[in-house]
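Asks: I need the structure of the sequence given here:
(2 chains)
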Amino acid sequence: MNIVIVGHVDHGKSTVVGRLLADTNSLPQGKLEQVREFCSRNSRPFEYAFLLDALRDERAQGITIDTARVFFKTAKRPYVILDAPGHVEFVKNMVTGASRADAALLVIDANEGIKENSRRHAHLLSMLGIRQLAVLVNKMDLVGHDEKKFRAIVSDFEKHLAGVGLKAAYFIPVVGYEGENLASRSKNLGWYSGPTVLEALDAFNEPLALDGTAFRMPVQDVYKFTASGDTRRIIAGSVESGSAKIGDELVFYPSGKKSTIASLEGFPRARVAGKLVAGGTDGFTLSEQIYVGRGELAARAGEPAPQVGTRVKASVFWLGKRPLHSDKEYVLKLGTGRARARLESVLKAVDAAELRARNDAETVERFEIAECVFRLSRPLAFDLDGLTPATTRFVLVDDFEISGGGIIRENVTADSNKARSGQAGAKFHQKAALIIVNGEGATGVALKSLESTLTEQGRTVHVLEAPESKIAEHAQVLLEAGLVVLTAAVSTKLLGELKKRLPAHAIHSVTLDARDEHSVVRSILDETSA
Amino acid sequence: MTHLDELESRSIHILREAYSSFRNLGMLWSIGKDSTVLLWLTRKAFFGHVPIPLIHIDTNYKIPEMIEYRDRLAREWALNLIVGQNKKALAEKTTFPDGTIDRLACCKLLKTQALKDTLTAQHFTGIIAGIRADEEGSRSKERYFSPRNRESDWDIGDQPPEFWNQYKTDFAPGTHLRIHPLLDWTELNIWEYIGREKIPTVSLYYDQGTGKRYRSLGCYPCTFPVESTAKNVDEIIAELRTGKFANVAERSGRAQDKDDGGTLETLRRDGYM
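Replies: The predicted structure follows:
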């Protein structure tokens, strides 16, 4: 079971973990001695935290920079402890650790009390979907093992947790450095009758299998390895929930295309089970050769269908250095789907640590949690009920960095938006567009290569090679026929003429670097998706 | 689902995400048990095919059986194998076995430099490697998708967030990504999986009657066997479960890791896997 340990900087997370390792005999022989010697050689007091902070940067600064993974076992089961940094600059590392956890330990220093990151981490745990939590009130020795001090922190923090939609299963008074109430019961804390930390860990539940809910499989890719003599056209992905078997009718969203599972595929073939199950990665072939690709969400006909929308209301948490802003375009990744997303409005923004709400916010600042509306460049398929977390959650990419996460709360797509792309291109299942290819890589050969790659991806493409005086006229005819048209860089004069003849939203420019065709292909696929 | 099933599924998901996201993708294959499990998972992810070129950095000091095994699997599994080598250092005899430089400098030349040169020559934008978090401190802090700049440097203090099965698949020109599908596996998981899937491994991992076997494979001048009479996969699993090696680092037979304990980290910051 994966456990993340979080809390404010210096409240003793790494000490708790280091001591847990020592008390469960989980340390390599000599490691403790080695760290003790390192400390004495450098005239520093020994700390259990140094066991984990194996990297030099951390030893030098005495803080955890990233999430270290350590392994230990109780009689009940093995654990992976993700020691997440408490320093505010490293919240993105804390999020990384916490998102992989089945349960969390949150450490609060009894002497310092509840601090900014105690509250912020609790809020983020709630957003990330962690539902099992134990709060460790640490350094009880510094407050004379006083029950009243403990109760005061419990009472205050319970209120905060309720405000962010969390409830702690346990509050445990501990002394990390001395190991009190970690693996064994503390004599100094005789007034406490609840479980020790190890007992609390063993009482947490394993994550539930999602076999019982509707079938959901985001399509990762469609493989056809013809060059190796394999003619199977295999739809591949990880099943997020539910199950499906041969003969089941599937519906792919957002396209709405339907087909039936003809065969289940895996390797070695003899090991393929009789059905696709939640958590599995086997693929399948279809009876009818419909074109589906990455980004579609497979569901079963007859089961509740996912939502399809281009405008969503969502709760988001923002980690980006620059605020989330309506002037900027982001990439929203959900399941295997991608769309460009623009912030339309901020309904409410809350600082994750203080819970002060700003109702007049226009941007979302770093470490804020907000209710927002986003408009997407293309329809995506998603769920709302939270039964399949993977299809309700998304991340936002700012330039090249994942800068925030969100959970879709409502589909607010107006009917008028659905028909935005108009009729052109409908028969090809694509949006007709003129793609102007700029850059040093935009040679005739490269355009042909781009054409064939796009054709493989299901687009109907034409490379325009007319004399300049004819280009605008030809482009108009081809776009009206629903084609995706590629042309090399055009003059300013010609661009002006193109803009007169074609709708503005149908003209796109891309830059083809000599090497990286892939990102250009992806952006063209984004622009021309039906 | 068992724990091994879950590990397998996550690794396959990551391999497919990498394949869909990067056009110029390569996978490192050291011939060792971890990267061979990774190769097996790749065959699973792509339904029996290996559509990603494999890169083997041949230091010329690998144990000969490793090379025979490599070439056999490459034939039988139809692998696209790229062998990288620092021919200049070998020709000029600037290596540890030649007695001209120390172990660390030798690793830098024959492995790190050879790797960087191979990556540059092939224009790779994504490199899949079979490192595991339980191997040592710096690897425990890795991401599944970990960005490197043009010089292959790793900025440990400023790594991107990674959550909800969404990875860093967008990257600036000139940078590349290291992809680590085996991050959550332990040494025991690897052997349990080799046993379950019947994955072929080099015989050097097993005792051949000398009372010794290799736990981690590298170049013969710098790799030493451990005391063990485990003759097959089941016996290795049993041995690991007894906790016999709980107190001995897996890479303790790899001499370049020694010194101040930060040597592997020093190598890794510089581009070593």
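Asks: low pLDDT regions in chain A?
Replies: Residue ranges of chain A with pLDDT under 70: A:28-31, A:49, A:51-68, A:85-89, A:414-427, A:514-516.
Asks: switch the cut-off to 50
Replies: A:55-65, A:415-426 (pLDDT under 50).
Asks: Backbone dihedrals for A:Ile436, please?
Replies: When read as degrees, to the nearest 10, the backbone of A:Ile436 gives phi -90, psi 120.
Asks: Check A:Leu286 too.
Replies: With angles defined as degrees, to the nearest 10, A:Leu286 sits at phi -110, psi 150.
Asks: excluding its backbone neighbours, what's nearest it?
Replies: Leaving aside its sequence neighbours, A:Leu286 sits nearest to A:Ser259 (C-beta to C-beta, 6 or more residues apart in numbering or on different chains; 4.0 Å). Backbone N, C-alpha and C define where each C-beta goes, glycine included.
Asks: Who are the contact partners of the one you found?
Replies: Contacts for A:Ser259 (C-beta atoms under 8 Å, 6 or more residues apart in numbering or on different chains) come out as A:Glu249, A:Leu250, A:Phe252, A:Leu286, A:Ser287, A:Glu288, A:Ile290.
Asks: Help me confirm that the third one is found in a helix?
Replies: No. Per DSSP: H, G, I helix; E, B strand; the rest coil, A:Phe252 lies outside any helix segment and is strand.
Asks: what about the closest residue to it other than its chain neighbours, neighbour count?
Replies: Excluding the flanking residues, the one nearest A:Phe252 by C-beta to C-beta, 6+ apart is A:Glu296, at 4.2 Å. The number of residues packed near A:Glu296 is 26, by other C-beta atoms under 10 Å in any protein chain shown.
Asks: Run a quick check on A:Glu296 versus A:Asp221, I expect a contact.
Replies: No. Counting by C-beta atoms under 8 Å, A:Glu296 does not reach A:Asp221; the two are 10.7 Å apart.
Asks: Quick check: which ranges of the stretch 151-273 of chain B have low pLDDT?
Replies: Low-confidence segments of the stretch 151-273 of chain B (pLDDT under 50): B:259-261.
Asks: Which stretches in it count as strands?
Replies: B:176-179, B:212-213, B:226-227 (DSSP state E, counting those that start in this stretch).
Asks: would you turn the contacts of A:Ser259 into a markdown table with distance to A:Val17 and neighbour count?
Replies: Compiled in a markdown table, the contacts of A:Ser259 are given as follows (distance: C-beta to C-beta, whole Å; neighbours: other C-beta atoms under 10 Å in any protein chain shown):
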| residue | distance to A:Val17 | neighbour count |
| --- | --- | --- |
| A:Glu249 | 50 | 13 |
| A:Leu250 | 45 | 22 |
| A:Phe252 | 45 | 23 |
| A:Leu286 | 49 | 21 |
| A:Ser287 | 53 | 13 |
| A:Glu288 | 54 | 9 |
| A:Ile290 | 51 | 14 |
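Asks: rewinding a little: so what's the residue nearest to A:Phe252 up against?
Replies: With contact set as C-beta under 8 Å, 6+ apart, A:Glu296 has these partners: A:Pro218, A:Val219, A:Phe252, A:Tyr253, A:Pro254, A:Ser255, A:Lys257, A:Gly337, A:Ala381.
Asks: one step back: what's the farthest-apart pair in the contacts of A:Ser259?
Replies: Pairwise distances across the contacts of A:Ser259 peak at 13.7 Å for A:Phe252 and A:Ser287 (criterion: C-beta to C-beta).
Asks: ok, for A:Leu447, nearest residue in space, not its chain neighbours?
Replies: Nearest non-adjacent residue to A:Leu447, counting by C-beta to C-beta, 6+ apart: A:Val463, 5.0 Å away.
Asks: and if you look at A:Ala339?
Replies: Once flanking residues are discounted, A:Ala339 sits nearest to A:Leu376: 4.1 Å by C-beta to C-beta, 6+ apart.
Asks: What of A:Gly406?
Replies: Once flanking residues are discounted, A:Gly406 sits nearest to A:Val316: 3.7 Å by C-beta to C-beta, 6+ apart.
Asks: Check which helices and strands the one helix or strand the one you found maps to is in contact with.
Replies: Using DSSP states H and E, A:Val316 falls within strand A:307-318. Applying 3 or more C-beta pairs under 8 Å, 6 or more residues apart in numbering or on different chains; DSSP states H and E, we find strand A:307-318 packed against helix A:116-128, strand A:337-351, strand A:368-382, strand A:401-411, helix A:415-418.
Asks: possible to save those as TSV with distance to A:Val510?
Replies: Output for these, formatted as TSV (distance: least, C-beta to C-beta, whole Å):
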stretch	distance to A:Val510
helix A:116-128	35
strand A:337-351	14
strand A:368-382	15
strand A:401-411	21
helix A:415-418	25
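Asks: Output those in JSON lines; the columns should cover mean neighbour count.
Replies: What follows is the helices and strands packed on strand A:307-318, written out as JSON lines (neighbours: other C-beta atoms under 10 Å in any protein chain shown):
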{"stretch": "helix A:116-128", "mean neighbour count": "24"}
{"stretch": "strand A:337-351", "mean neighbour count": "20"}
{"stretch": "strand A:368-382", "mean neighbour count": "23"}
{"stretch": "strand A:401-411", "mean neighbour count": "21"}
{"stretch": "helix A:415-418", "mean neighbour count": "10"}
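Asks: ok so, going back, does the residue nearest to A:Leu447 touch A:Ser449 like I think?
Replies: No. Counting by C-beta under 8 Å, A:Val463 stays clear of A:Ser449, with 10.3 Å between them.
Asks: Check for me that A:Leu494 belongs to a helix.
Replies: Yes. Assessed with three-state DSSP, A:Leu494 lies in a helix.
Asks: after the biggest helix by length in chain B comes which helix or strand?
Replies: Counting by DSSP state H, the longest helix found in chain B is helix B:3-21. Downstream of helix B:3-21, the next assigned helix or strand under DSSP H and E is strand B:25-28.
Asks: Put the alpha carbons of that next one into CSV.
Replies: Output of strand B:25-28 as CSV, limited to C-alpha atoms (Å, rounded to 0.1, in the frame of the first residue of the first chain):
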residue,chain,number,x,y,z
LEU,B,25,12.1,7.1,-28.9
GLY,B,26,14.9,4.7,-27.9
MET,B,27,15.1,2.2,-25.1
LEU,B,28,18.3,1.3,-23.1
